[in-house]
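S.K.: sequence and predicted structure, then a few things I'm wondering about:
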Amino acid sequence: SAVISQKPSRDICQRGTSLTIQCQVDSQVTMMFWYRQQPGQSLTLIATANQGSEATYESGFVIDKFPISRPNLTFSTLTVSNLSPEDSSIYLCSGGTGTNIQYFGAGTRLSVL
Amino acid sequence: SQQGEEDPQALSIQEGENATMNCSYKTSINNLQWYRQNSGRGLVHLILIRSNEREKHSGRLRVTLDTSKKSSSLLITASRAADTASYFCAPCSNDYKLSFGAGTTVTVRA
């Protein structure tokens, strides 16, 4: 298994600013993913973080709004840019191995004022 | 990846009772996973059942898979307050992405 550390655990941000979320895995994983969970909703996959190259985004998510980096196998960041109240959500990262199983961080609860 | 559809949406049971929830999906799978989420926290992987398996146990959890009906069930026996959570199924095909449905919210009453 893998232990995923995510920070910050929560933040309150002003409209128009950006928030960068960090995700650290304690062991090498094949894949890293970023999800959004809007209030009362299920998780939606934002993108797959690729080591050393551009992330692969799902439909409805774009790099300008959600830039993602993954400089090595165990670390990734997600930035949520130009924040608006609609971005208030929980953001989760996960790490996946070759078994399809994903291990999740505790999430970052973002509130935008 | 494809999304599973969990049923019921919500379930309320007395401590000590069993809880059963179901998952349906649309296309063939390699495996199906169940995850738990406690109150807006991260998801925790519970169990993975492969497409050639019919039943799997892990502690108080029992998962069944019927590929002919494209459905799975998760049974939690002798429920505890700590089982209060949302439960999600994730049917997995050939890629490594997971797609989650609305989940089943289980409330265990003392």
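M.R.: Received it, and whenever you're ready, just let me know what you need.
S.K.: give me the neighbour count for residue 25.
M.R.: Just so you know, I chose chain A. Here the number of neighbours of residue A:25 (other Cβ atoms under 10 Å in any protein chain shown) works out to 21. Where you see a C-beta, it was placed from the backbone N, CA and C, and this is true even at glycine.
S.K.: other chain: chain B
M.R.: 22.
S.K.: wait, isn't it in contact with residue B:91?
M.R.: Yes: at 3.9 Å, residue B:25 counts as touching residue B:91 under the criterion of Cβ atoms under 8 Å.
S.K.: for those two, list the residues in contact with both.
M.R.: Common contacts of residue B:25 and residue B:91 (Cβ atoms under 8 Å, 6 or more residues apart in numbering or on different chains): B:2, B:3, B:4, B:32, B:72.
S.K.: now do the phi/psi pair for the second one.
M.R.: The one in question is residue B:3. Note on residue B:3: backbone dihedrals following degrees, to the nearest 10 are phi -90, psi 140.
S.K.: check contacts around the residue nearest to it when sequence neighbours are not counted.
M.R.: Leaving aside its chain neighbours, residue B:3 sits nearest to residue B:99 (4.3 Å; criterion: Cβ to Cβ, 6 or more residues apart in numbering or on different chains). Listed by Cβ under 8 Å, 6+ apart, the contact set of residue B:99 reads A:45, B:1, B:2, B:3, B:4, B:90.
S.K.: in these, find the pair that's most separated.
M.R.: Across the contacts of residue B:99, the longest distance by Cβ to Cβ is 14.1 Å; it joins A:45 and B:4.
S.K.: and these two? which has more neighbours close in?
M.R.: Counted by other Cβ under 10 Å, residue A:45 and residue B:4 do not tie: residue B:4 has more neighbours, with 29 against 20.
S.K.: whatever residue of chain B ends up closest to chain A and residue B:22, how far apart?
M.R.: Nearest residue of chain B to chain A (Cβ to the nearest Cβ) works out as residue B:42 at 3.6 Å. Residue B:42 sits 24 Å away from residue B:22, going by Cβ to Cβ, to the nearest Å.
S.K.: who's more crowded, the two?
M.R.: The neighbour comparison of residue B:42 against residue B:22 (other Cβ under 10 Å) goes to residue B:42, with 22 against 16.
S.K.: which non-adjacent residue is nearest the more buried one?
M.R.: residue A:104 (3.6 Å).
S.K.: pLDDT at the residue nearest to residue B:3, what is it?
M.R.: You'll see residue B:99 listed with a pLDDT of 90.
S.K.: again, but for residue B:40
M.R.: For residue B:40, pLDDT reads 72.
S.K.: in this structure it contacts residue A:90, no?
M.R.: Yes: counting by Cβ under 8 Å, residue B:40 does reach residue A:90; the two are 5.8 Å apart.
S.K.: shared neighbours of those two, anything?
M.R.: Common neighbours of residue B:40 and residue A:90 (Cβ under 8 Å, 6+ apart) are A:37, A:107, A:109.
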